[in-house]
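> give me a model of this one.
(8 chains)
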There are 8 protein chains.
Amino acid sequence: MLIKPPVAIVMGSQSDWPTMRLAAETLEVLEVEYEARIVSAHRTPERLVEFATNARADGFKVIIAGAGGAAHLPGMIAAMTPLPVFGVPVKSKALNGQDSLLSIVQMPGGIPVGTLAIGEPGAINAALIAAAVLALSDDELADRLDAYRARQTASVPLFPADTE
Amino acid sequence: MLIKPPVAIVMGSQSDWPTMRLAAETLEVLEVEYEARIVSAHRTPERLVEFATNARADGFKVIIAGAGGAAHLPGMIAAMTPLPVFGVPVKSKALNGQDSLLSIVQMPGGIPVGTLAIGEPGAINAALIAAAVLALSDDELADRLDAYRARQTASVPLFPADTE
Amino acid sequence: MLIKPPVAIVMGSQSDWPTMRLAAETLEVLEVEYEARIVSAHRTPERLVEFATNARADGFKVIIAGAGGAAHLPGMIAAMTPLPVFGVPVKSKALNGQDSLLSIVQMPGGIPVGTLAIGEPGAINAALIAAAVLALSDDELADRLDAYRARQTASVPLFPADTE
Amino acid sequence: MLIKPPVAIVMGSQSDWPTMRLAAETLEVLEVEYEARIVSAHRTPERLVEFATNARADGFKVIIAGAGGAAHLPGMIAAMTPLPVFGVPVKSKALNGQDSLLSIVQMPGGIPVGTLAIGEPGAINAALIAAAVLALSDDELADRLDAYRARQTASVPLFPADTE
Amino acid sequence: MLIKPPVAIVMGSQSDWPTMRLAAETLEVLEVEYEARIVSAHRTPERLVEFATNARADGFKVIIAGAGGAAHLPGMIAAMTPLPVFGVPVKSKALNGQDSLLSIVQMPGGIPVGTLAIGEPGAINAALIAAAVLALSDDELADRLDAYRARQTASVPLFPADTE
Amino acid sequence: MLIKPPVAIVMGSQSDWPTMRLAAETLEVLEVEYEARIVSAHRTPERLVEFATNARADGFKVIIAGAGGAAHLPGMIAAMTPLPVFGVPVKSKALNGQDSLLSIVQMPGGIPVGTLAIGEPGAINAALIAAAVLALSDDELADRLDAYRARQTASVPLFPADTE
Amino acid sequence: MLIKPPVAIVMGSQSDWPTMRLAAETLEVLEVEYEARIVSAHRTPERLVEFATNARADGFKVIIAGAGGAAHLPGMIAAMTPLPVFGVPVKSKALNGQDSLLSIVQMPGGIPVGTLAIGEPGAINAALIAAAVLALSDDELADRLDAYRARQTASVPLFPADTE
Amino acid sequence: MLIKPPVAIVMGSQSDWPTMRLAAETLEVLEVEYEARIVSAHRTPERLVEFATNARADGFKVIIAGAGGAAHLPGMIAAMTPLPVFGVPVKSKALNGQDSLLSIVQMPGGIPVGTLAIGEPGAINAALIAAAVLALSDDELADRLDAYRARQTASVPLFPADTE
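Predicted structure coming up:
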């Protein structure tokens, strides 16, 4: 098997992709390679076990996992790999992601999931914190991340505009 | 291996037992055999897989699962067994079980967990609904359950008493 | 009177049907017979009493009850029948089903309602857990349920697709 | 059967009495007769039906109903009597009465329950609004209620005191 | 000044009328006379004082008050009149009426507001409970209310229809 | 009548004083004079009207108002005076001040209440923002406020200590 | 550098302007000068420090700050200036401004932010309370504010109209 | 200046230490060096700026930040350093950490904070995810972390015990 890229982006269903795509796009801007996969904790538990237990040996360094509702995917992956896992609570239909957020963030002591904001900002930020982690041992990525942040700062206008 | 009793009571940690014990005691009153086990979705994921994937072959009929916080145990068991799974949201320290409830009840379409109330009433009721399920094919249990309900009805006083 | 099918699907009003229809359709896929009825706990309390007190004698085995807002139907049916009752919190207009969920799940110790997720996923899952209960004494249904779950697992794509 | 007093105070269980007693005591101060009874919607549904369907013929004028958790008692009484029903959400163990409040107040159009505050203030106020209703056709009670309100106003000190 | 009709429907702003109109329409069906007025607790406090302090002398019997957000109108009217006050939490823009509900229902012991559901069902029910109060001393209204409830019961179909 | 001090601290009941006393103590540290009064919006509405409508003429400059539950006091004062009003949501018994907060902060456009945090921090901060307002035209107070903030900054230890 | 106008309106991003523009428009009606700026606590922290630490010396008297989600802008400005700061919780995408509100209002004792309602009413009210503060030492502004409030009172119709 | 250890544990006040100490103790078990400091975003904003802007140059690799209420510390640090920041929502007095959680996790796209659970489990898990990050380039730490997780798994008993 080929060595995996440093970041895995996994999500519970195809319907999470419009959100999680933001993580992928952000990694692309930062020139961080990733693999995006659908792994449903509930509908494909064997795939979950196989993915999570092999993630480190496969060569992944950081895992981004997005899910909605009773969102068990990030926590269950974290239970089966020592790699850092970042969770994205996808906005749910009835409760706007409040269920997703609590299901992901309220992990018991012993198994951490670094949780980001509900929805698209969370997906972007999962990519950014994954990059920040990888940048600790990759100076070129650190430079690219610095530049990303500098561009972001520079892009904030001084005054609000009515044309919006 | 010996045939298992009809009901498994599993919980995420020893700290859930003061709540889940109510399920056990209720089953005892109804003369329904059970096995109580600790299975942590997060700290013992292999035990979880082994328990859940074998539960039907082992002879269990119904599973009662209690957990708190980001309570993934009931849903992950339901992902790996076709048996009916009943979930008890154990009261959590910071959020009083609101996180436990949403983590258990908000399962995606396809993998059901029949969820009971937060805490002790939920543990009692998980035993009662498990018994109701088993009573569908066990007339003597149905009689005992009827008697339990009749006693319960009879025990409600007509008037409130100040001595409480 | 004719013997009733094993599953009753009851709901508080016609407006619950777009949600509860998912339960009906799921039972149809599993070839489980059901009867769908409107029983309003508040507007037709006599119908409620008649339905619930006769449900077992009529031949029903499992009851699926959906309601929204101050959703009393599932709990009141459970108060009047020893059959297993599964509750579906229908999404409400102002509070998105948070009121429905709490009104159904927070039953006192003694009278259980196995509660599913808010809205359509809950309706599907009520059908699935009802089937799982019936499958305990119906090997052919158990096979169909296994097949349903296997198809569901097989239908999860490996990779997210941008075409969605 | 003897004619009933104008107010019925009903509650779901003995454990509601420490709260509902405040309603009784307030009625006593206002010299309004009442009968206090335990009627569990879930554990004594027959008693519920008998109480509610006969309430008007028995001579009751106003009903105060208190319950906690999935609090179905006030709404189910309102479904079976045309008398005005006032609901008191009793503070629940896990959710502090948020479940009780939503279960009581979020009634569908067609069956009203006039809902008061969670807990003791709600019990006092249920008595006061019941008295206000009866005072519409009882001038002496209206005078007593006016005096009660005047005493209440007079009892508010002008300045806060450190000795509390 | 002319004698006022038995029911006043007051609301905090014109924007509450699409909700509160349901109260008016329900009273019309029951042939109960009412007067609908805009009284803003915050923008017209003098009008509030004048309305509330004179309400009983003006001949009103029952007051229905609807407001949204920090909804002070029902409670402030109740502070200034001994008449029974029923509050309708109007759905608010940001919080869907959760703020309106808590602002209306959580009155301190001493000043009651009988609170109905958020939004349109609450407006309908405010009219119905007002009618139930007036029916205590108006047998013809009691008959009309009985008939209304009977029609409501009769209008519930037995089976859900796909055509909706 | 004597000229009033610049700050009025009003509260709905004596039971709010343990919280609101922190506002008084903070003003004392800053050498800002105040008058503390109990004004119940619900039990003493006439006192409310008299206080609020006269507040500016009496010489008050800023009003701090604390209340709990359906906390109408700050908003009703703001409705009757053009002075700046700061609201303190006092922690309530059942809902921990969530009702107090929403009842105070969610004012409609047109009548502002500057709302502080729930409970004691809110009382301290109401005093501080009142002082900041007065300091705009009182250089000596501005100096005292600067010194207060400097002492506060200096009092933060560099390292956490186990002895706490 | 020129002297700044008395009010600064700052916001975390251009996307807050449709809300915060209401504050600007309200100040214009009151003929209060202001400067509107974008200062992102998270993306432009240096700009934040520069703005907040210089605000008093620059001549600002009152600061209005709006932000959404994890809304740190108002509190961080308040940490770095002794001027009164008023916070506007902008409605957020997933949680409707509940996160914005708690992030702004729940400041620790020592650093106050006077918080207004979520969204547009809050923006209007931030302008009004800022004006009320400035009016304490500007009689003409006090007159204009009185007139604004009088017009507002006069604009409330007596009766609801169906034409809306 | 001496090179800093790889992990900084910062907290908003001494009162956060009983929670954050769990992070320190967990790092000690894993033999990861850290420095614990108090940095109040609100009371010591200069210390915040100095700490955060220098954190990378000082030699820190990962930052753990705990705070309660309107918890701005983790997000503001993340705004001023490219290092990965992990946030711990400390349980707050009135709202049990719900405000802390939302203030930390709901960061806008662009500035990530990997958020852990409310309170002590979150502090433990912040240490564990920090260690997992450092273990990516430290094989011995990876081994210690593996051993920690293995001990944790082994410590889960098979059966619940009544002696607890």
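> does stretch A:118-137 come close to chain B?
No - on the criterion CB under 8 Å from any CB of the partner chain, stretch A:118-137 is out of touch with chain B, staying 13.3 Å away. In this view, the C-beta of every residue, glycine as well, is placed from N, C-alpha and C.
> er, stretch A:43-53 I mean
Yes - residues of stretch A:43-53 contacting chain B under CB under 8 Å from any CB: A:43, A:45, A:49.
> show me which of these are buried.
A:43, A:45, A:49 (16 or more other CB atoms under 10 Å in any protein chain shown).
> tell me, which of those residues make contact with chain C?
Near chain C, by the rule CB under 8 Å from any CB, you find residue A:43 out of these.
> before we move on, the earlier item: narrow the residues of stretch A:43-53 next to chain B to those in helices?
Among the residues of stretch A:43-53 next to chain B, DSSP state H puts A:45, A:49 in helices.
> ok, back up a step: mind putting the buried ones among the residues of stretch A:43-53 next to chain B into a markdown table with pLDDT?
Listed next are these as a markdown table, based on pLDDT from 0 to 100:
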| residue | pLDDT |
| --- | --- |
| A:43 | 98 |
| A:45 | 98 |
| A:49 | 98 |
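> follow-up on the earlier one: which of the residues of stretch A:43-53 next to chain B lies closest to chain E?
Checking the residues of stretch A:43-53 next to chain B against chain E by CB to the nearest CB gives residue A:43 as the nearest, at 28.5 Å.
> how about the contacts made by that closest one?
Counting by CB atoms under 8 Å, 6 or more residues apart in numbering or on different chains, residue A:43 touches A:13, B:79, B:108, B:110-111, C:152-153, C:155-156.
> which one is residue A:76 nearest to, not counting chain neighbours?
residue A:41 (5.1 Å; CB to CB, 6 or more residues apart in numbering or on different chains).
> what about that neighbour, neighbour count?
29 (other CB atoms under 10 Å in any protein chain shown).
> just the closest of the residues of stretch A:43-53 next to chain B to chain F, please.
Among the residues of stretch A:43-53 next to chain B, residue A:43 lies closest to chain F (CB to the nearest CB), at 37.0 Å.
> what about that closest one? Give its phi and psi, please.
Dihedral pair for residue A:43: phi -90, psi -20, per degrees, to the nearest 10.
> so which residues on chain A come close to chain C?
Selection of chain A residues close to chain C by CB under 8 Å from any CB yields A:11, A:13-18, A:20-21, A:36-38, A:40, A:43-44, A:46-47, A:69-70, A:93-96.
> before we move on, the earlier item: for the contacts of residue A:43, which two are the farthest from each other?
For the contacts of residue A:43, the maximum inter-member distance is 14.8 Å, found between B:79 and C:155 (CB to CB).
> if we can go back for a sec, just the buried members of the contacts of residue A:43?
A:13, B:79, B:108, B:110-111, C:152-153, C:156.
> dump the residue contacts of residue A:66.
So residue A:66 contacts A:9-12, A:16, A:19-20, A:23, A:73-74, A:87-90, A:122-123, A:126 (CB under 8 Å, 6+ apart).
> next: residue A:121.
Residue A:121 neighbours (CB under 8 Å, 6+ apart): G:69, H:106-110.
> what's the first helix or strand after the one helix or strand it maps to?
Here residue A:121 is covered by helix A:120-135, with elements defined by DSSP states H and E. Downstream of helix A:120-135, the first helix or strand assigned by DSSP H and E is helix A:139-154.
> quick one: residue A:98 and residue B:30, what's the gap?
37 Å (CB to CB, to the nearest Å).
> who has more neighbours, these two?
residue A:98 (23 against 20).
> ok, back up a step: quick check, nearest of the buried ones among the residues of stretch A:43-53 next to chain B to chain B?
Using CB to the nearest CB, residue A:45 comes nearest to chain B of these, at 4.5 Å.
> give the contact list for the closest residue to chain E within chain A.
At 10.8 Å from chain E, residue A:96 is the closest residue in chain A, using CB to the nearest CB. Going by CB under 8 Å, 6+ apart, residue A:96 touches A:118, C:96, G:94-96.
> OK, now which residue of chain A is nearest to chain H?
For chain A, CB to the nearest CB, closest residue to chain H: residue A:114, 2.7 Å.
> what's around that residue, how many residues?
Counted with other CB under 10 Å, residue A:114 comes out at 35.
> ditto for the one 5 residues further on
As a burial measure, the neighbour count of residue A:119 was computed by other CB under 10 Å and equals 28.
> likewise for residue A:57?
10.
> would it count as being in a helix?
Yes - counting by DSSP: H, G, I helix; E, B strand; the rest coil, residue A:57 is located in a helix.
> is the spatially most central residue of chain A in a bridge, and if so with what?
Nearest to the mean C-alpha position of chain A, by CA atoms, centre = their mean, lies residue A:64 at 2.9 Å. Here residue A:64 sits in beta bridges with residue A:9, residue A:86, as judged by DSSP bridges.
> try the one 4 residues further on
Following DSSP bridges, residue A:68 is listed with bridge partners residue A:90.
> okay, now it: neighbour count?
Residue A:68 has 29 neighbouring residues, counting by other CB under 10 Å.
> if I pick it, what's in contact with it?
Here residue A:68 is in contact with A:12, A:15-16, A:89-92, A:97, A:99-100, B:108 (CB under 8 Å, 6+ apart).
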